[in-house]
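Novice: Provided below are the primary sequence and the corresponding predicted coordinates.
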There are 2 protein chains.
Amino acid sequence: MKQAGSPTPAANHVAAGAAEANLNAERAALIALDWGTTSLRAYLFDAAGKVLATRASTAGIMNLPRSAEQGGFDAAFDDTCGPWLEHASALPVIAAGMVGSAQGWMEAPYVDAPASADALVAGIVRVKAACGATLHIVPGVLQRGELPNVMRGEETQIFGALGDDGDDGDSAGTRRRALIGLPGTHAKWAVVQAGRIERFQTFMTGEVFAALREHTILGRTMVTPDRPDTEAFLHGVSIAREKGQAGVLATIFSARTLGLTGQLTREQQPDYLSGLLIGHELAGLEAVLRQQHNSLAGESLRLIGNEALCERYRLALALYGCTQAELVKHATERGLWRVASQAGLVNPAPQAARAG
Amino acid sequence: MKQAGSPTPAANHVAAGAAEANLNAERAALIALDWGTTSLRAYLFDAAGKVLATRASTAGIMNLPRSAEQGGFDAAFDDTCGPWLEHASALPVIAAGMVGSAQGWMEAPYVDAPASADALVAGIVRVKAACGATLHIVPGVLQRGELPNVMRGEETQIFGALGDDGDDGDSAGTRRRALIGLPGTHAKWAVVQAGRIERFQTFMTGEVFAALREHTILGRTMVTPDRPDTEAFLHGVSIAREKGQAGVLATIFSARTLGLTGQLTREQQPDYLSGLLIGHELAGLEAVLRQQHNSLAGESLRLIGNEALCERYRLALALYGCTQAELVKHATERGLWRVASQAGLVNPAPQAARAG
C-alpha cells in the first residue's frame, strides 16, 4: 500500500487525493465500486446521491497489485479508496462486478432470473476489509436452461438505467417492458419487465472480434485506419443482415476475399469485420425477439456503455429498423446508488425519495 | 540444399531416398505436389497413375527453408523431390495449392466459378525451377459476388473425388449434381454439376475454434480430454441445430456457462465447443441449400480430408438427417493425376483411359 508523505510521485498523487477527500469527507455518504476483470472504478457519493469524486485503477480482479492470497484485494481497495476512508472510516461500501465471482474477493452467488432489485439486495454478500470497512458485494444474475446465461455488474447498470429519476420497481416507469443493450467484450441484451430482469442473452462479439483480428488470417491483411470507417462498418452490418444466412463462420471470410478482389482496402477491413459481427449479433437478437413476438423494427431501447461503441450500435440498429436507441449515461454509478439505497446503506435523501 | 554423400544423418536419409528413387526411376511418369501454407506433399506416379512413392515436408509456402527471394521455393522443391529428379530429370511436375497464390512461387490467377477441369488446365501457369524441371501450377477457383469465395488446392481434390474411376467430365458420373465437403481450418462446401464446380462456401470453422480455444475466456476453463468425447460433441451439434437461433456469437458462451452451472466438465468443453461450431456450419450450409431448394436431409454427399475429422462431420450430418456421407480417400493425388492427364503431361494409360 502506498504511504502518504513518501516523496515518490505516486505518493504525491495519493496525498493530493487525500486533500481532496478531506474536503468531501463531511458530505460523503457512500463509496461505490465497479470492480471488473481488468479495472476498478470507485465513486464517492454524498447523501443525495451526487458523485463527489471518482477514482479509477487498472487493478481489476485479474490484475491485482499482488496475489489474492497475499492480500491483493485489500491492497487494491486501499490504493484506490484509502484517502476517502482515512477521513470517513465509517462510510458504507457497495461493490458490483467480477469482484463477486468465484475468482473475486468473496463469491456472491448468482440470483436467478427473473431478478428484481430486491433480489439483488437479498443476495448481497459482506466481506470485511483489513482497513475495517465492510464491502457489500452485489450478486450477479443467472438465467438457467440449456443455454445458461450469466451477468455480473451489468445487473447493477441495468437498474441504474431504469432508475433515471429514482423511481423504484413499483413505479410505472419500470413496469413497462424495456429492452436494454450493453455492447462490449461480452455484449448483453436484457429484457426488463415489472422491475425485473426477465431474460437476457450474451454475445461474445467484442472478444471474438479481437481474437479474429489478432489470431486468424483475417488480421494479416488489415491495417488500422486513421479514423473509423463508418461506410465499411455499415457495409458489414448490411451483409450480415441481408446475406448472412450461412452464418458468421462463413461471412467473416469475406473480409479476406473482398480484399483479394479489390473491393475492400486493408484500412476498410477492420471496420467491415466489426460491422459483420455486430450485424450478426443484431440478427441473432432479432431472431430471439421474433420468438417472443417482438422485433427490432420500431423497438424503443436503451444502450449502456462506451459512447463511441454505442454510437456504432445505433447506426447498426437503424439498419434493422430501430431508430429509437437512447444512450443512458452514468448507469453504473446510478445503479450502485440505487442498490445501496434499497439495501438501506444510505438513507434516501429528500431529493431521491421525491417520487416515493 | 542437401547433398547426397555427405555424412550427416539428413543426407543419409536423402541417400536412402535416392536409392529408392532409382528403383522407381524407369517407371516414373509424373511428380505431383500438394503445396499448401504449412506443408508440402509430393507424389511420384507411374504411367498408369499408380503412386510409386510419397514424400512429405513441413516446407509450406509460409515455412520455407529460406526466404523466397533467396531461392526458398527451389530449396524446398529440391529437398523434397531432388532424389526423384536426379534419376529422371525430364519428369513433368504438377503442383496445386497455395504455391500458386500471390505469396507462392508464381501466381496462377484464379479461374472463375463455375469451373471445369478444362478451365483449370487452361489456367495452368508454368515456372522453371533452378534444377531444370518445369512446374505446372494449377490455378484456384474464385466465385465472384458480394461475398466472394476462393479455393486453392481444394479444386484439385474435388476433381479427384469425382474422378474415382477415371471418368472424364462428360461421363454420367460427373454430370449428376454432387455436394462435396472439405472439413478443416477453412472448411469448404462445393456443389458440382456437369463436371463443373458450380458454387461453394467457406466456413472458417477450424481456425475460429483454435482462436476461441487459445485466445478467449472459453479456453481458460478447458482441459483436453484423453480421448474425444463424442457425447459432448453431439450435445454441441444439437444445441446449434435446435437452439442456435441467436447465432454462434451467442451459443459459444454456453461452453463457459454450462461449466459454471456444473452441466459440463472442463474435459467436455473442447468437444462441446467443436460440436457447436460444426453444428452452426451445417446450419449455415442447410440455410444455403434451402435457398437452392435442397436440404441436408436425404442428401448424398462426399467428404474429403482428415479421416477422424470427417468422421465427426458424419456424426454431425446424421443429426441433420444426412446419413449418406462417403469419405473419399486419396482425393488429392487422384485430382493431381487427373488434371495432369487432362493437361497432356502424362499419356493416358490404357487403364485410365478405359472409360473414354
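Specialist: Ah, there it is.
Novice: where exactly do the helices run in the stretch 251-356 of chain A?
Specialist: For the stretch 251-356 of chain A, helices defined by DSSP state H, counting those that start in this stretch occupy the ranges A:254-260, A:269-291, A:307-319, A:331-342, A:350-353.
Novice: With distance to residue A:140, mean pLDDT and mean neighbour count as new columns, can those helices be given to me in a markdown table?
Specialist: Every C-beta, even on glycine, is put in place using the N, C-alpha and C of the backbone. Listed next are the helices of the stretch 251-356 of chain A as a markdown table, based on distance: least, Cβ to Cβ, whole Å; pLDDT from 0 to 100; neighbours: other Cβ atoms under 10 Å in any protein chain shown:
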| stretch | distance to residue A:140 | mean pLDDT | mean neighbour count |
| --- | --- | --- | --- |
| helix A:254-260 | 34 | 97 | 23 |
| helix A:269-291 | 21 | 97 | 23 |
| helix A:307-319 | 22 | 97 | 18 |
| helix A:331-342 | 12 | 97 | 25 |
| helix A:350-353 | 25 | 46 | 13 |
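Novice: Can I get those helices in a markdown table including distance to residue B:66?
Specialist: Formatted as a markdown table, these follow (distance: least, Cβ to Cβ, whole Å):
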| stretch | distance to residue B:66 |
| --- | --- |
| helix A:254-260 | 27 |
| helix A:269-291 | 30 |
| helix A:307-319 | 45 |
| helix A:331-342 | 55 |
| helix A:350-353 | 72 |
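Novice: beta partners of residue A:141?
Specialist: Counting by DSSP bridges, residue A:141 forms beta bridges with residue A:111, residue A:151.
Novice: That one: what's it in contact with?
Specialist: By Cβ atoms under 8 Å, 6 or more residues apart in numbering or on different chains, the contact set of residue A:141 is A:110, A:111, A:112, A:113, A:115, A:120, A:150, A:151, A:155, A:197, A:200.
Novice: circling back to that earlier point, what's the closest of the helices of the stretch 251-356 of chain A to residue B:68?
Specialist: Of all the helices of the stretch 251-356 of chain A, helix A:254-260 sits nearest to residue B:68, with 19.2 Å by Cβ to Cβ.
Novice: chain center to the closest one: distance?
Specialist: 33 Å (Cα atoms, centre = their mean, to the nearest Å).
Novice: Most neighbours among the contacts of residue A:141, please name it.
Specialist: residue A:155 (30 neighbours; other Cβ atoms under 10 Å in any protein chain shown).
Novice: residue contacts, the residue lying farthest from the centre of chain A?
Specialist: Centroid-distance maximum for chain A: residue A:261 at 39.2 Å, with Cα atoms, centre = their mean. Counting by Cβ under 8 Å, 6+ apart, residue A:261 makes contact with B:142, B:144, B:148.
Novice: ok so, going back, which one among the contacts of residue A:141 gets closest to chain B?
Specialist: Nearest to chain B among those, counting by Cβ to the nearest Cβ, is residue A:150 at 5.5 Å.
Novice: wait, doesn't that closest one sit right on residue B:254?
Specialist: No - using Cβ atoms under 8 Å, residue A:150 is not in contact with residue B:254; the gap is 10.3 Å.
Novice: Can you name the residues that contact the residue nearest in space to the middle of chain A?
Specialist: What sits nearest the mean C-alpha location of chain A, by Cα atoms, centre = their mean, is residue A:154, with 5.0 Å. Counting by Cβ under 8 Å, 6+ apart, residue A:154 touches A:182, A:188, A:190, A:304.
Novice: can you check residue A:216 too?
Specialist: B:204, B:207, B:208, B:211.
Novice: Any figure for the gap between the first one and residue B:195?
Specialist: To residue B:195, residue B:204 is 28 Å away according to Cβ to Cβ, to the nearest Å.
Novice: out of these two, which sits in the busier spot?
Specialist: residue B:204 (26 against 23).
Novice: Quick check, pLDDT for the more buried one.
Specialist: pLDDT for residue B:204: 98.
Novice: That one against residue A:252, yeah?
Specialist: Yes - here residue B:204 reaches residue A:252: they are 5.8 Å apart, a contact under Cβ under 8 Å.
Novice: Need the residues touching each of the two.
Specialist: Taking Cβ under 8 Å, 6+ apart as the criterion, residue B:204 and residue A:252 both touch residue A:218.
Novice: tell me the contacts of the closest residue to chain B within the stretch 51-200 of chain A?
Specialist: Nearest residue of the stretch 51-200 of chain A to chain B: residue A:148, at 4.0 Å (Cβ to the nearest Cβ). For residue A:148, the contact set (Cβ under 8 Å, 6+ apart) comprises A:142, B:254, B:257, B:258, B:260, B:261, B:263.
Novice: which one of those sits closest to residue B:48?
Specialist: Comparing these against residue B:48 with Cβ to Cβ places residue B:254 closest, at 53.2 Å.
Novice: Identify the residue spatially nearest to the closest one, adjacent ones excluded.
Specialist: Setting aside the residues directly before and after it, residue B:254 is nearest to residue A:147 in space (Cβ to Cβ, 6 or more residues apart in numbering or on different chains), at 4.6 Å.
Novice: And the pLDDT at that neighbour?
Specialist: Residue A:147 is given a pLDDT of 97.
Novice: Could you pull out the strands in the stretch 101-250 of chain A for me?
Specialist: A:111-112, A:115-116, A:125-128, A:134-137, A:141-143, A:149-151, A:178-182, A:187-193, A:196-203 (DSSP state E, counting those that start in this stretch).
Novice: Can you list the strands that the longest one pairs with?
Specialist: Each strand paired with strand A:196-203, and its direction, by DSSP bridges: strand A:115-116 (antiparallel), strand A:187-193 (antiparallel).
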